[in-house]
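# got a predicted structure plus its sequence, pasted below:
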Amino acid sequence: MKTILESKNLCKTYYSNDVEFHALKNVDLEINQGEFVAIMGQSGSGKSTLLYTLSGMDDITGGDVYIREQKINNLKEKEITKIRRENIGFIFQGINLVSNLTLKENVVVPGYLATKSKDVIDERATTLLNRMEIMDQVDKLPTQVSGGQKQRAAIARAMINNPDILFADEPTGALNSSSSKAVLDLIKSFNEDGQTIIMVTHDIKSASYANRVVFLKDGRIEGELDLKRYQSDNQEKVIFDFLSEKGW
Ligand SMILES: Nc1ncnc2c1ncn2[C@@H]1O[C@H](COP(=O)(O)OP(=O)(O)O)[C@@H](O)[C@H]1O
Ligand SMILES: [Mg+2]
């Protein structure tokens, strides 16, 4: 198994008004290529902070983070921007498409920034937008489509540069249950094609789409669950029992 992402002694301390808050405390995590990892934990346990620091979107205050064996902390701003653009895809709960660009434009713009050939990006965008089943919506603005359609456009945007790792922070948090299922099925389908995925969720059903669950508590990893060892029809119960045992 090839390691694609690793943190060693990862620490993140927030400072505000002379008050220190240790949001991540010596987190050691190793993620292999092709894994689908769900990060679970109570509100405030550090899940979003973990995603932002592992992806190079936020800086760290201790330890190291490696993507494909390249240390990404203490890189120059220009180098980290390149990694964020070319190696990382990100989907947010709040979706955050650019409001004055169409769905299509939202998808292609990060592609144009990373790749010289416009044709390659246009073709890839078409493939992705078809796969997301929103081809008939691509010329609309985000305000003119449903939440589920917006999030599917955001997935296409996150995938436009073939990222090494797709990060998702509660990607279905703002969606109803049928849109959530569609989004999770699409995310899962990329994983079945080999895409490495790290997804924060507090929902057991969403976590059951992953192959591994990592449980965070007060900024530390308190346990891990290998879902591959269990039958798919039993996974939600296994996750429930695991979380109960950890004092969820
Ligand atoms: N910019 C910040 N400044 C100060 N404290 C923060 C900041 N961001 C997050 N925190 C604190 O760090 C802790 C973890 O936050 P977060 O990673 O967002 O948790 P989660 O995603 O699990 O709900 C929380 O207690 C939160 O209040
Ligand atoms: Mg969060």
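Thanks, I have the structure now. Ligands and ions are numbered 1, 2, ... in the order given.
# which non-adjacent residue is nearest the residue of the chain found nearest ligand 2?
As assessed by Cβ to the ion, ligand 2 sits closest to residue 48 within the chain, at 3.2 Å. Yep, even glycine has a C-beta here, placed from its N, CA and C like the rest. Once flanking residues are discounted, residue 48 sits nearest to residue 169: 5.5 Å by Cβ to Cβ, 6 or more residues apart in numbering.
# which residues does that neighbour contact?
Residues near residue 169 by Cβ atoms under 8 Å, 6 or more residues apart in numbering: 47-48, 51, 90-93, 199-200.
# go with 6 Å
Contacts here follow Cβ atoms under 6 Å, 6 or more residues apart in numbering; on that basis residue 169 touches 48, 51, 92-93, 200.
# now do the buried residues in the least confident helix or strand in the chain by mean pLDDT.
Lowest on mean pLDDT, DSSP states H and E among the helices and strands of the chain sits helix 77-87, with a mean of 91. Buried positions in helix 77-87, judged by neighbour count with 16 or more other Cβ atoms under 10 Å: 80, 83-85, 87.
# which residues of this protein lie near ligand 1?
Applying Cβ under 6 Å from any ligand atom, we find that the chain lies next to ligand 1 at 14, 16, 21, 23, 41, 43-49.
# got a quick ChimeraX command for the buried subset of those?
Buried residues within those, by 16+ other Cβ under 10 Å, are selected in ChimeraX with:
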select :23,41,45,46,47,48,49
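# gap between the two ends of stretch 197-207?
Its start and end residues considered, stretch 197-207 measures 12 Å (Cα to Cα, to the nearest Å).
# flag every buried residue along that stretch.
Counting neighbours by 16+ other Cβ under 10 Å, the buried set in stretch 197-207 is 197-204, 206-207.
# okay, who's weakest in the residues you listed by pLDDT?
Within the buried residues of stretch 197-207, residue 202 has the lowest pLDDT, namely 90.
# which elements pack onto whatever helix or strand residue 186 lives in?
In this structure, residue 186 sits in helix 177-192 according to DSSP states H and E. Applying 3 or more Cβ pairs under 6 Å, 6 or more residues apart in numbering; DSSP states H and E, one finds that helix 177-192 makes contact with no other helix or strand.
# convert that helix to PDB, retaining C-alpha atoms only.
Coordinates of each C-alpha in helix 177-192 appear next as PDB, following Å, rounded to 0.1, in the frame of the first residue of the first chain:
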ATOM      1  CA  SER A 177     -31.800  13.200   2.400                       C
ATOM      2  CA  SER A 178     -32.300  12.400  -1.300                       C
ATOM      3  CA  SER A 179     -29.800  15.000  -2.400                       C
ATOM      4  CA  SER A 180     -27.400  13.700   0.200                       C
ATOM      5  CA  LYS A 181     -27.700  10.200  -1.100                       C
ATOM      6  CA  ALA A 182     -27.000  11.300  -4.700                       C
ATOM      7  CA  VAL A 183     -23.900  13.300  -3.500                       C
ATOM      8  CA  LEU A 184     -22.600  10.400  -1.400                       C
ATOM      9  CA  ASP A 185     -23.100   7.900  -4.300                       C
ATOM     10  CA  LEU A 186     -21.200  10.200  -6.600                       C
ATOM     11  CA  ILE A 187     -18.300  10.700  -4.200                       C
ATOM     12  CA  LYS A 188     -18.200   6.900  -3.600                       C
ATOM     13  CA  SER A 189     -18.100   6.200  -7.300                       C
ATOM     14  CA  PHE A 190     -14.900   8.300  -7.600                       C
ATOM     15  CA  ASN A 191     -13.400   6.200  -4.800                       C
ATOM     16  CA  GLU A 192     -14.400   3.000  -6.700                       C
END
